[in-house]
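Chemist: Following is a predicted model, sequence given first.
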Amino acid sequence: MNSNTKALKHLKKDIKLKRLIEATSAYKSIKSNSCYEALVKSIVSQQLSVKAAASIYGRLTTLTKKPITKPAILRLSHDALRSVGLSNSKANYVKNVAQFFTDKNITDKQLMALTDEGIISLLTQIKGVGVWTVQMMLMFQLDRPDVFPVGDLEIRKQVIRLYDIKAEGKKLYPAIEAAVESWRPYRTIACKYLWAYSNQPT
């Protein structure tokens, strides 16, 4: 039994999640050339639709003449970064990531040797890089199987709908995380189905 089959067998023990899984296909994303580039892509995606983020990211790759490398970003002026559609803040954040990876000489090999928590702890030191941003890299670049981005609005909406969660305020996040506890150790895979389901035409 391969890992994906094993994961689906486990997740389908949850009847509500089983129905959702069988109604869609897992969300797919093309991997970046490096963890650094994946983190930049994640920053671009913050609080944007998939379509809008892809458009801005595409213009950024044109500007850096592919791929998006640290030296390429550091050579660009703030105005040049703004010209592709990045907000003032995101233009700064992208530079911050390039500088941090350069100063610390961070490699993919070093990151892959760390736990999910270790990677989050390291990279959230960068101004503009929050937990959600790193989690997207963990899920889509490093294929870490048990990441649950409770800070993602669409994931929250789907879990609330799926389990009819009534909690509000400070009780909401703990209630959501408790509802998906049975998904461990495959929460990443479950989330990819939730994203795919939410993007289906109605």
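Modeler: Happy to help now that I have it.
Chemist: what about residue 58, which helix or strand?
Modeler: helix 50-63 (DSSP states H and E).
Chemist: ditto for residue 144
Modeler: Using DSSP H and E, residue 144 falls outside every helix and strand.
Chemist: Name the nearest residue to the most centrally placed residue in the chain, ignoring sequence neighbours.
Modeler: The residue at the geometric middle of the chain, judged as the C-alpha nearest the mean C-alpha position with C-alpha atoms, centre = their mean, is residue 136 (1.5 Å). Here the nearest residue to residue 136 in space, its sequence neighbours aside, is residue 42; by C-beta to C-beta, 6 or more residues apart in numbering that works out to 4.2 Å. Just so you know, the C-beta spots here come from the backbone N, C-alpha and C atoms, and that holds for glycine as well.
Chemist: How much space separates that neighbour from residue 123?
Modeler: Here the distance between residue 42 and residue 123 works out to 10 Å (C-beta to C-beta, to the nearest Å).
Chemist: Find the residues that touch each one of the two.
Modeler: 133, 134, 137 (C-beta atoms under 8 Å, 6 or more residues apart in numbering).
Chemist: residues in contact with the second one?
Modeler: What that stands for is residue 134. Taking C-beta under 8 Å, 6+ apart as the definition, contacts of residue 134 comprise 39, 42, 119, 120, 123, 124.
Chemist: tell me which element it is part of?
Modeler: Here residue 134, judged by DSSP H and E, is contained in helix 131-140.
Chemist: Residue 135 is in contact with residue 150, isn't it?
Modeler: No - between residue 135 and residue 150 no contact is recorded; they are 9.3 Å apart, counting by C-beta atoms under 8 Å.
Chemist: between these two, who's got more neighbours?
Modeler: When residue 135 is set against residue 150 and neighbours are counted by other C-beta atoms under 10 Å, the residue ahead is residue 135, at 23 against 17.
Chemist: gap between that one and residue 30?
Modeler: Distance of residue 135 to residue 30, computed by C-beta to C-beta: 18 Å.
Chemist: from memory residue 127 sits against residue 94, does it?
Modeler: No - at 11.2 Å, residue 127 does not count as touching residue 94 under the criterion of C-beta under 8 Å.
Chemist: More neighbours: those two, which one.
Modeler: Taking other C-beta under 10 Å, residue 127 and residue 94 do not tie; residue 94 has more neighbours (23 against 13).
Chemist: ok, that one to residue 110 distance?
Modeler: Distance of residue 94 to residue 110, computed by C-beta to C-beta: 21 Å.
Chemist: Show me the domain layout of the chain.
Modeler: 3-28+148-198, 35-114+123-140 (automatic domain parsing).
Chemist: How about the contacts made by residue 132?
Modeler: The neighbourhood of residue 132, defined by C-beta under 8 Å, 6+ apart, consists of 46, 149, 151, 152.
Chemist: And the furthest pair within those?
Modeler: Farthest-apart pair in the contacts of residue 132 is 46 and 149; separation 12.1 Å (C-beta to C-beta).
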